[in-house]
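A.B. asks: Let me see the structure of the following:
(chains A, B, C and D)
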Number of protein chains: 4
Amino acid sequence: MTKPVIRIGLIGHQFMGVAHSNAYRNAGMWYDLPAKIEMKCVCAKDSEENLRLFAERYGWKEIETDWKKLVARDDIDLISVATPGFLHKEMVLEAAENGKHILCEKPLANSYSDALEMLAAVQDKKIKHACGFSYRFTPATALAKKLIADGRLGQIYHVHARYAQDWMVDPTAPMVWRLKKELCGSGSLGDICSHSIDMSRFMTGGEIVSLVSQLKTLVKKRPVSSDPSSPMDDVTVDDVAQVLCEYDNGATGCFEATRFAGGRKNHNCIEINGSLGSLYWDFEDQNYLQFCDRSLSPEVQGFAKINATADFHPYGGGPWPQGHGIGYADTFVLEIAHFVSAIAQDTEYAPSFVDGVKCQQILDAIERSFNERQWIHI
Amino acid sequence: MTKPVIRIGLIGHQFMGVAHSNAYRNAGMWYDLPAKIEMKCVCAKDSEENLRLFAERYGWKEIETDWKKLVARDDIDLISVATPGFLHKEMVLEAAENGKHILCEKPLANSYSDALEMLAAVQDKKIKHACGFSYRFTPATALAKKLIADGRLGQIYHVHARYAQDWMVDPTAPMVWRLKKELCGSGSLGDICSHSIDMSRFMTGGEIVSLVSQLKTLVKKRPVSSDPSSPMDDVTVDDVAQVLCEYDNGATGCFEATRFAGGRKNHNCIEINGSLGSLYWDFEDQNYLQFCDRSLSPEVQGFAKINATADFHPYGGGPWPQGHGIGYADTFVLEIAHFVSAIAQDTEYAPSFVDGVKCQQILDAIERSFNERQWIHI
Amino acid sequence: MTKPVIRIGLIGHQFMGVAHSNAYRNAGMWYDLPAKIEMKCVCAKDSEENLRLFAERYGWKEIETDWKKLVARDDIDLISVATPGFLHKEMVLEAAENGKHILCEKPLANSYSDALEMLAAVQDKKIKHACGFSYRFTPATALAKKLIADGRLGQIYHVHARYAQDWMVDPTAPMVWRLKKELCGSGSLGDICSHSIDMSRFMTGGEIVSLVSQLKTLVKKRPVSSDPSSPMDDVTVDDVAQVLCEYDNGATGCFEATRFAGGRKNHNCIEINGSLGSLYWDFEDQNYLQFCDRSLSPEVQGFAKINATADFHPYGGGPWPQGHGIGYADTFVLEIAHFVSAIAQDTEYAPSFVDGVKCQQILDAIERSFNERQWIHI
Amino acid sequence: MTKPVIRIGLIGHQFMGVAHSNAYRNAGMWYDLPAKIEMKCVCAKDSEENLRLFAERYGWKEIETDWKKLVARDDIDLISVATPGFLHKEMVLEAAENGKHILCEKPLANSYSDALEMLAAVQDKKIKHACGFSYRFTPATALAKKLIADGRLGQIYHVHARYAQDWMVDPTAPMVWRLKKELCGSGSLGDICSHSIDMSRFMTGGEIVSLVSQLKTLVKKRPVSSDPSSPMDDVTVDDVAQVLCEYDNGATGCFEATRFAGGRKNHNCIEINGSLGSLYWDFEDQNYLQFCDRSLSPEVQGFAKINATADFHPYGGGPWPQGHGIGYADTFVLEIAHFVSAIAQDTEYAPSFVDGVKCQQILDAIERSFNERQWIHI
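C.D. replies: Sure, this is the predicted structure:
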């Protein structure tokens, strides 16, 4: 009995393109998949020479520079969209039109209306769709979701999340596409706060029903290149995004996302408090989940630091014995393993475009709240 | 050359009354003061027997049950107000009228207008006044202030603070005075968020200029006693307070205060990010300040955990050799040592009623923002 | 019904003299004792003026410069010996001869034979005796002892302890009495390793039956004063002490004590592993005990960081609500509260001279092991 | 210009076989190598079907069940030995005889004499040889080595290491090959203490010159299978290994290795103290190095937690932006990348069999010390 083959076409070969490439290359090595992955073709705007080097390095059979050709090919089953946000919509629409399964990086789109249009397109075609909220595929975050689903936290009172990085702290750091609204839609909001919002939905199952926000650009102009004497260009997105909100289950939420927190490299952290206990996770310690179980004797209550990498933990805890933790790349491997399995077995997959749309709706409301200086009800 | 004697009258003998008593008793033992402290009289609403036991235990010479008599006595120099918030105003006004120096617990009052009235009263009388923001008297927080004042953080970008406790998590925990608006003014807002707001002012010197908030009562009714079948009474204050704000120096602020975070006992923490570095402090680890110094070689940059208890640290790091940390009670000892010294030497003291008023103005704006569901400009 | 009065005579007014003074002054304030403490007289080799200042500051009624007179006085019930180790023996013998209860600082003596002699003296007189292993009076370490006694660790496999400080790292730091064998008996061994050895006995109840050691003097000469050009003097004690051992219950032990570990201020830590769980404590985080309970579901197993300061924890968790931790001074207060109670109620007290002797026997064996380069059986 | 091809033969397909397979598969993807890696053939004692599945999964072209045939093949350049220790010697000798480059897992052999024989064999043949001390290929440990080499720690005073796991805590856990001396040579000693010993050599450059040890078997019999009623078999290796030692640079060493420390999953930690600073690393937090720099102003001294994953850190900090840490598998990828590069460019490689021999000499001395209950001089 041979496994079906799923043929992949990847668009984008920067940070996320590399993460996807590694994941397609190794998902079948680390996990026993119901399908074989064929890394058919990578597509990006680059010289043919560079693209060939990339393809050879990561294991892509072919290269392509015109994404429209790629998504139209008959020998591709799954399109992976790993490009800046402003390109997502047309790529997804055309890939859907061609009946391809689609994995699209987050945030799904640069606006809520675009996201809705993209969702309609894929639902119409009955193809599988995934939105790249990769942090869901961390054993520790999935353990958090499981413990909450098991009722171990009781009624949820609070979500308190912070996603802090520091790569923009230096005011002379040069302009990049992530600082231009027309390319990425928003700044720390779409780039990293989106992860926190999705994580709160993933872990608790709760939906935000009202919110108020503050967005701020701390450094308003940056040199166009690393040469400090180069011309200055306007930063047109937020450097920091902050949100207060209420969930449909009555819980409060508090979010901050910034790229100006010196010393915080990828401090994607979330705390959830409930009537029966609390959970805390920080990506900078990604293999651990902290859990305070209020059902234990008060004498021994405290946050337990759980190494969530055992075979009995979600996702088998990763491919190694407990304590031999996974790294950043491995969450993408788990993501691809799950998405490819869902395609092969025609099962439900999450996070899908539905989750991408839900997140985009919140991002949209956050921007609107600050522009209008008022509370927004979803 | 004999030292002047400062004669103390204390009103209140609960949690804060105990903290003050210990501080008056021991300030002169741990620190070389320019005055002698005489623990003249303690006053509280209690049986004479109980009061006598309290006085004997903590070292008060006399007892009194009518605070009006206490503040009128000629043989008292300093009145310590350690009562619930709704009593602060009249006690302070009458003590000021009688020319007493005053230490009043935080929050200074139950409203901004009351606080202003109290400040006017003490300024008029040229007496010394202190507002009990005791966490300023932690060597680690004072080191934070010093490093910022020394320019070690550069331009301040963010204040991110959380004060989380868990003594209200259980929905059947009984009613206490801290849950009745007429007694305490507000809930977690005045009780603990006030500390965070003052701490941000203390450390950074910045003032909040605009804010938006969310206040929420999670458990709306509680039994009047620890007997679960006792009648239920309404909780009339916030269980959780959250604030987004902007400072006059352009920094953003984000605050959350809650008594519903299981496992967080007195998690009074604050992070400050600037262009040159970041600081983090958590009372649950009170003897340490974490400092990420971006001026160091990137190779070795990271948050350094500084044991701030050396003799060359602020407040001499406490009375012991470095590493032999202080406890909760010791911050009050330092507070009293400083206030008594300021009285004896007629020097400026902070935090004074001016700080109490500033804080109250923010607390007031926070309540107004949520009641009116809008941004408030200070 | 009036409480009996216990009249104290303290010998020594340096570091430990201060710690004892504070404890006698405040034990009755923090804890409800069955006796009243009277701070009768402090005795030290110093000018009368200095001694008077000390007495006034800490609350001693009288001063004395000749300890032989002090221990002979009829109006003293308890002698507190807080002097360098070489003085312990004669002071204790003479105090015992005069029928005084005795608290003697650790290590009990500068040799095992001296310690035995001291124990014989106090046992003969039926007086109460205490050896100052103050770290036993930390709520977190006492919780560790309780959990082990409750069987929560099962069979004990390992004790792994390290007591690291850094005040001797600088090779030009001047000579002090703690570096001369004739004054203190040994270096890091008696000063700090003694605490670790006692802690392992306290927590586990196990006794060391065989051991092997390494002692080393890293800086062999130091200037006699802080003037670097002052004459050099020989360091005649160990800078670092290390021990491997076996306990009577079959567990292994591993100890290191050093004053040369840069950045470790008072890193007195111990880990205990058993068949059912593990415990970890570090004085630098003294209010917390870490406990990994292997009886919990593996899914949520991990070291829980228990804030051991609740009223239901040992010693009531200290005098404050949970989370409002104690400091270095407070362990001495608890120690004195317990010792004075044992005297007033004529109950058993530990750690007594019996524990001091047991520890001294091990210290003696550790020195012998390295001198003879062989295993020693106790 | 085409790159040379290095053809790999792997012996072993268990834990280490998987780690090597992933590394050979991905080294050229993550790092720009001067050679191409061809995964020629995997060899193990297993059914052909299982072996084929393994080969397909991890990317090996061919399979082989007789290792003697493998090492004799002309189309193999590098033999990777990932089998239990008792097989290392004959495999290495025969591979060397055939002129193959060799990567042999640690510990290099089951005895010092075997290790010496193996070293002689490879030196004779002028082939490249590597001993699998993979933890050297962690950016954080390599940063430690660099800081020490740069003189940032000054004179080394102490090495204090502990490697603690807990997979043997349960006395009913079944027999495995790692518990039989004839198969693995020793227990926790060779399995994990070997890593600590090598790490101390790697970081400090110091060599152990004398030592004393304790070895202990805590559970002496185990069931031969996971069925608890199955027959019992003798554990013939140590469960815990402890060492005190002295280095040629005058530093002291203290080691403990155990598989009986409940809650410690892969707690491979080491602290190094010097006259100018201290370093601490723990694999359970593998992306961080803690560094206390005593050359900084005392005011801000403390252990800084350095996220050692930046491009300017050793090994480029791994393949991702700083803060997006690596996992267990990635150290093997770095190891293979370095070894293959050394082969292609004919450069020196470490850790080689020379390091394997040095380590084995110490392991041998540790066993001898405890058997003879005496200090051993190397």
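
A.B. asks: Check the secondary structure at the residue of chain A most remote from its centre for me.
C.D. replies: Within chain A, A:Glu299 marks the point farthest from the mean C-alpha position, 39.1 Å out by Cα atoms, centre = their mean. Here A:Glu299 is helix, with the state taken from DSSP: H, G, I helix; E, B strand; the rest coil.

A.B. asks: And it, how far from C:Pro314?
C.D. replies: 10 Å (Cβ to Cβ, to the nearest Å). Just so you know, the C-beta spots here come from the backbone N, C-alpha and C atoms, and that holds for glycine as well.

A.B. asks: Same question for A:Leu244.
C.D. replies: The value you get for A:Leu244 to C:Pro314, if Cβ to Cβ is used, is 41 Å.

A.B. asks: What parts of chain A come near chain D?
C.D. replies: Contacts of chain A with chain D, taken as Cβ under 8 Å from any Cβ of the partner chain, map to A:15, A:18, A:21-22, A:25-26, A:28-29, A:57-59, A:165, A:167, A:264-267, A:284-286, A:307, A:309, A:318-330.

A.B. asks: could you redo the last one with a cut-off of 7 Å?
C.D. replies: A:22, A:25-26, A:28-29, A:57-58, A:265-266, A:284-285, A:307, A:320, A:322-328, A:330 (Cβ under 7 Å from any Cβ of the partner chain).

A.B. asks: So which of those reach chain C?
C.D. replies: Contacts with chain C within the residues of chain A next to chain D, as defined by Cβ under 7 Å from any Cβ: A:Asn307.

A.B. asks: Which among the residues of chain A next to chain D count as buried?
C.D. replies: Neighbour-count burial (16 or more other Cβ atoms under 10 Å in any protein chain shown) applied to those gives A:22, A:25-26, A:28-29, A:57-58, A:265-266, A:284-285, A:307, A:320, A:322-328, A:330.

A.B. asks: Now do the closest residue to chain D within the stretch 101-250 of chain A, the pLDDT please.
C.D. replies: Per Cβ to the nearest Cβ, A:Gln165 is where the stretch 101-250 of chain A lies closest to chain D, at 7.0 Å. What the model reports as pLDDT for A:Gln165 is 98.

A.B. asks: Next: A:Met1.
C.D. replies: 65.

A.B. asks: Quick one: residues contacting the closest residue to A:Gln322 other than its chain neighbours.
C.D. replies: The shortest distance from A:Gln322 to any non-neighbouring residue, by Cβ to Cβ, 6 or more residues apart in numbering or on different chains, is to A:Ala310 (4.0 Å). Residues in contact with A:Ala310 (Cβ atoms under 7 Å, 6 or more residues apart in numbering or on different chains) are A:Gly317, A:Gln322, C:Pro298.

A.B. asks: Which residues outside stretch A:60-76 are in contact with it?
C.D. replies: A:7, A:9, A:11, A:39-43, A:45, A:48, A:51-52, A:55, A:79, A:91, A:94-95, A:98, A:100.

A.B. asks: again, 6 Å this time
C.D. replies: A:7, A:9, A:11, A:39-43, A:51-52, A:55, A:79, A:94-95, A:98 (Cβ atoms under 6 Å, 6 or more residues apart in numbering or on different chains).

A.B. asks: just the buried members of those?
C.D. replies: If we count by 16+ other Cβ under 10 Å, the contacts of stretch A:60-76 have these buried: A:7, A:9, A:11, A:39-43, A:51, A:55, A:79, A:94-95, A:98.

A.B. asks: A:Lys126: how many residues sit nearby?
C.D. replies: Counted with other Cβ atoms under 10 Å in any protein chain shown, residues neighbouring A:Lys126 total 8.

A.B. asks: got any ranges where the stretch 51-200 of chain A has weak pLDDT?
C.D. replies: For the stretch 51-200 of chain A, applying pLDDT under 70 flags no range at all.
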